[in-house]
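> What follows is a predicted protein model with its sequence.
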Amino acid sequence: MSDQAPTGIKRWLFTTNHKDIGTLYLWFSFIMLLTGGAMAMVIRAELLYPGMQVVDPNFFNMMTTMHGLIMVFGAIMPAMVGLGNWLIPMMIGAPDMALPRMNNWSFWILPGAAILLVAPMFIGGDFLSGQGPAFGWTFYEPLSGQYGNLAFFVFAVHLLGFSSIMGSINIIATILNMRAPGMTLMKMPMFVWTWLITAFLLIAVMPVLAGVVTMMLTDKYFGTSFFDAAGGGDPVMFQHVFWFFGHPEVYIMILPAFGIVSQIIPTFSRKKLFGYASMVYATAAIAFLSFIVWAHHMFTVGMPVAGELYFMYATVMIAVPTAVKVFNWTATMWKGSLTFEIPMLWSIAFVFLFTIGGFTGLMLGLAPVDFQYHDTYFVVAHFHYVLVTGALFGIIAAFYYWVPKWTGNMYPPLLSKIHFWVSLVSVNVLFFPQHFIGLAGMPRRIPDYAVQFADWNFWSSIGGFVFGLSQILFLFIIIKTIKGGEKATDQVWESAEGLEWTIPSPAPYHTFVTPPDVK
Amino acid sequence: MSASKLTKKLGSLLFTALLLGPAMAFAEYSTLNMTESVSKIGQDMYDLHMLAFWICVVAGVLVFGVIIWSIIFHRKSKGAKPAHFHENTTVEVVWTSIPLIILVAIAVPSTKTLLEYEDTTNSDITIKATGWQWKWEYDYIDDKVGDSKGLHFFSSLSKESNDARQLGANKPLPEHYLLDVDKRVVVPVGKKVRVLTTANDVIHAWWVPELAIKRDAVPGFINESWFQSEKVGVYRGQCAELCGKDHGFMPIVVEVKSVEDYKAWSSAQKATAAKAAAAADAASGKTYTMAELMAKGKDVYTANCAACHQASGVGGGPFPALKGSPVATTGSIADHIAIIADGKGIMPPFGSQLSALDIAAVTTYERNAWGNNTGDVVQPSQVK
């Protein structure tokens, strides 16, 4: 079949091919990862020693803000969408996504959104005074309302929302309509299941996010008072609406990673995933619970005690389905025949370190203790264990697992091993001490600290620099693998199961033009 | 030395380093765990924290132990053959129920502590803490122990810390760097202190770890919480909610005194406050020389204005320059005073924080410093 696809830049601008669009998403997210990572390096450089040495406090706040926004909306979410684009059609035996033109559009909105988000940093003459958004990635009112260029931020979020909603509609339409004959819902690979549930979460909460930023916009420019107490509004209502989006958002970032490790662990354990059905139900339960726990981010905001009790009980309930998932991965490895290829290493690290993030999550859910943890580095440590060693490690595991199928080449074994071990050690040197400084009383989002926090901050920064550098090695590995390497077989992994391993490596431009038969 | 001996030796070295390394680090770094509290409820919170921690440790050891066991003994290189099981309803029901039971067990003491923490009745002293960008304002609203009712003051980062924290200052860091203020909150030991938090501009949070109190200060709303210290001492905390540029530089210092010392302190404060009010009254009628106003104005400017407009008056980012600004040169003196007193945009109003003399002095200073050279002299009587 002739592709008749345009070449050069037009190929990428006009493509409706799920593999091309998946690649675009993945590259976009990697560029964002390095951008957000560079900002994290500035943060850790300022925090290396007590005293202000590197940047102005406002610039520091801008770095923490932009780092958070870029990593959440620019790196993790698009990477998951990219993986979904590449893998979902191949996993369910579909020729492409259900809505290929919308697929193109939902990607190409993203660079525009990223420019709108980043541009205010450079508007005006004085870059180093930090004139971009500096109000925290949670953009709490009324602080965010003080910001002069708020409209940039609001429209960037609107665009990100359009992109996510269109991407989700596409994924749902693809999964529900385009599965190969014989592939019932309960036969779908776990990655497809987790993405289906994630897509519903996105459709439910992105409009809420769009709503809250629109209210900010009208408060700032059109004289409304949604969040201004002086006009009869309520700044705390902002937090309720924001976290009604924000908590499911956390699961949007982690659920596909659950799916990824649920694909990888059985392959290298040479054993079927333990408790497939309970995995599906646990994922759905986590998604449901994510909608009814939002105010646990706000225990110190001054809620009625009945509200605090309810949100505490509902929050700790999440530990149950999450524990089921961890037990299932453990039981999958138990009495397996384990080998430790690079994707497996990242997945095992994921299970260990994500679980640590889960433990601290449980501790944070207990309202009376959260009064001490809230807004400290303990929280920073918690969500970085969940999002870096959780979501990001899942994404990296997925890269190593499927890159032979994408490119036809195996990754360079030694370099990849170095990448894993250096990342593993440094990420723990980076984030584990943050538990200590948080418990000792260091608030988050401060550019300078009292001297008793100095020792662990120093080690955290050293770990941060090494972790940052090792992702440059990752870039090198990615390029090297694309350019060449040991040829991969079609099956790639000895006991990998799933339709994507039945097609040639590298995957041809069009796959499953006639649907496969699923037994 | 043979190769195997060398590996053995290296192995034992590595083992010693792994074991001793953290132990040595622990000896050096005392800040590993949550700050223990000097209040009873704070100690309950600490105990709850430790309970949750140990439950997590036990769960972690069990789960990670099983994974590590599999990694060591169920590896293909050791000839492990994969088993074929992939579900077991009994096991799955059991391991869903166990976490549920543990959660209920933690929920009971948590509920008890939470209900106690939220009970702000029967307080002995009530203090209102108002967050400003970037300082705290305190009002003693009620005092059943001493005579502090009506006491009012602002509390900012101490001058030594403030000087040392400037970008590139390169000064030796003073004692209690960033955790020291110019005026402390003083309370008696063993008494229930109710803290009302609110804010003037954006959300702040009033947090003192050792007193186990953290509550958001929300503009337009008043939150209640309380603490009761069982030990005399000085306890230091910080704003815990991002509130803009100098969020990291608005500490909270609470000094807990014995009841007698507290009473003496509160009477002395009353007398000082009365004297200061009389002096301010006298000052507002007086006429000052340009030199006097410039000297005073520079101090007021450094303490209140320089954080945003910079010591050199050039501003930066969202904060406009005063050097050469029409407001401080060609504009009318009355408009200039009005901006200082009432605020503008994100600038807070200073009318309630500064005396008429302070405002007159800082206005004079801004109209004559950095080459603004208007020659204007503003007297306290012009400030209303």
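Okay, I see it.
> what residue ranges in the stretch 401-519 of chain A score low on pLDDT?
For the stretch 401-519 of chain A, no stretch is flagged by pLDDT under 70.
> Please, where are all the helices along it?
Under the criterion DSSP state H, counting those that start in this stretch, the stretch 401-519 of chain A contains helices at A:413-439, A:454-483.
> helices and strands around the longest one, which ones?
In other words, helix A:454-483. Helix A:454-483 makes packing contacts with helix A:18-46, helix A:393-407, helix A:413-439 when contacts are defined by 3 or more C-beta pairs under 8 Å, 6 or more residues apart in numbering or on different chains; DSSP states H and E. To be clear about C-beta, it is placed using only N, CA and C from the backbone, and glycine gets the same treatment.
> Can you say which of those is packed in most?
Highest mean neighbour count of these: helix A:393-407, a mean of 25 (counted as mean count of other C-beta atoms under 10 Å in any protein chain shown).
> so how far is that one from its chain's centroid?
15 Å (C-alpha atoms, centre = their mean, to the nearest Å).
> Number of residues surrounding the residue of chain B found nearest chain A?
Of all residues in chain B, the one sitting closest to chain A is B:Gly220 (2.1 Å; C-beta to the nearest C-beta). Neighbourhood size, B:Gly220 [other C-beta atoms under 10 Å in any protein chain shown]: 18.
> so who does it touch?
Shown in contact with B:Gly220 (C-beta atoms under 8 Å, 6 or more residues apart in numbering or on different chains): A:228-230, A:234-235, B:198.
> which one of those residues sits closest to B:Lys76?
Ranked by distance to B:Lys76 (C-beta to C-beta), the contacts of B:Gly220 are led by A:Pro235 at 57.9 Å.
> Return the distance of B:Asp261 relative to B:Glu255.
9 Å (C-beta to C-beta, to the nearest Å).
> right, and the helix or strand after the helix or strand that contains B:Ala334?
Using DSSP states H and E, the element containing B:Ala334 is helix B:333-342. Scanning forward in sequence from helix B:333-342 by DSSP H and E, the next helix or strand is helix B:356-368.
> show me where pLDDT drops low in the chain?
Just so you know, I chose chain A. Ranges of chain A meeting pLDDT under 70: A:1-5, A:125.
> The chain in question should be chain B.
B:1-30.
> now the strands for it?
Secondary structure of chain B (DSSP state E): strands at B:125-132, B:135-143, B:152-155, B:185-188, B:193-199, B:204-208, B:213-217, B:223-227, B:233-239, B:251-257.
> how about a markdown table for those, with mean neighbour count and distance to chain A added?
What follows is the strands of chain B, written out as a markdown table (neighbours: other C-beta atoms under 10 Å in any protein chain shown; distance: least, C-beta to the nearest C-beta, whole Å):
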| stretch | mean neighbour count | distance to chain A |
| --- | --- | --- |
| strand B:125-132 | 22 | 11 |
| strand B:135-143 | 20 | 15 |
| strand B:152-155 | 16 | 17 |
| strand B:185-188 | 24 | 17 |
| strand B:193-199 | 24 | 8 |
| strand B:204-208 | 28 | 6 |
| strand B:213-217 | 27 | 5 |
| strand B:223-227 | 21 | 4 |
| strand B:233-239 | 21 | 5 |
| strand B:251-257 | 22 | 9 |
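> wait, which of those is closest to A:Ala204?
Nearest to A:Ala204 among the strands of chain B is strand B:213-217 (27.5 Å), distances taken as C-beta to C-beta.
> In chain A, which residue sits closest to chain B?
Nearest to chain B in chain A, going by C-beta to the nearest C-beta, is A:Ala229, at a distance of 2.1 Å.
> Just give the nearest non-adjacent residue to that residue, would you?
Distance criterion C-beta to C-beta, 6 or more residues apart in numbering or on different chains; nearest residue to A:Ala229, sequence neighbours excluded, is B:Gly220 at 2.1 Å.
> repeat for B:Leu179
B:Leu179 sits nearest to B:Arg236 (C-beta to C-beta, 6+ apart), 4.0 Å away.
> B:Ala59 contacts A:Leu362, doesn't it?
No: the criterion here is C-beta atoms under 8 Å, and B:Ala59 misses it with A:Leu362 at 9.2 Å.
> out of the two, which sits in the more crowded spot?
A direct count of neighbours by other C-beta under 10 Å for B:Ala59 and A:Leu362 places A:Leu362 higher, at 23 against 20.
> tell me the domain ranges of chain B?
According to automatic domain parsing, chain B comprises the domains B:1-31, B:33-117, B:125-280, B:286-382.
> So the last one, near chain A or not?
This points to domain B:286-382. Yes: applying C-beta under 8 Å from any C-beta of the partner chain, one finds domain B:286-382 touching chain A at B:316-318, B:345-346.
> gap between the two ends of that domain?
11 Å (C-alpha to C-alpha, to the nearest Å).
> just how off-centre is that domain within its chain?
Centroid separation for domain B:286-382 versus its chain: 28 Å, with C-alpha atoms, centre = their mean.
> Also stretch A:193-205?
Per C-alpha atoms, centre = their mean, the centroid offset for stretch A:193-205 relative to its chain is 14 Å.
> hmm, it touching chain B?
No: applying C-beta under 8 Å from any C-beta, one finds stretch A:193-205 separated from chain B by no less than 15.9 Å.
> Please work out which residues outside that stretch touch it.
Stretch A:193-205 has contacts (C-beta under 8 Å, 6+ apart) with A:80, A:84, A:88, A:164-165, A:167-169, A:171-172, A:175-176, A:185, A:188, A:244-245, A:248-249, A:251-252, A:255-256, A:258-259, A:262, A:279-280, A:283-284, A:287, A:290-291.
> Tell me where chain B has helices.
Using DSSP state H, the helices of chain B run over B:3-28, B:40-73, B:89-117, B:159-164, B:259-285, B:290-304, B:306-309, B:333-342, B:356-368.
> Tell me which of the ones you listed approaches A:Thr339 most closely.
helix B:40-73 (10.8 Å).
> got a list of what A:Ser423 touches?
Neighbour list for A:Ser423: A:396, A:467, A:470-471 [criterion: C-beta under 8 Å, 6+ apart].
> An error on my part: the question was meant for B:Ile55.
So B:Ile55 contacts B:102, B:106 (C-beta under 8 Å, 6+ apart).
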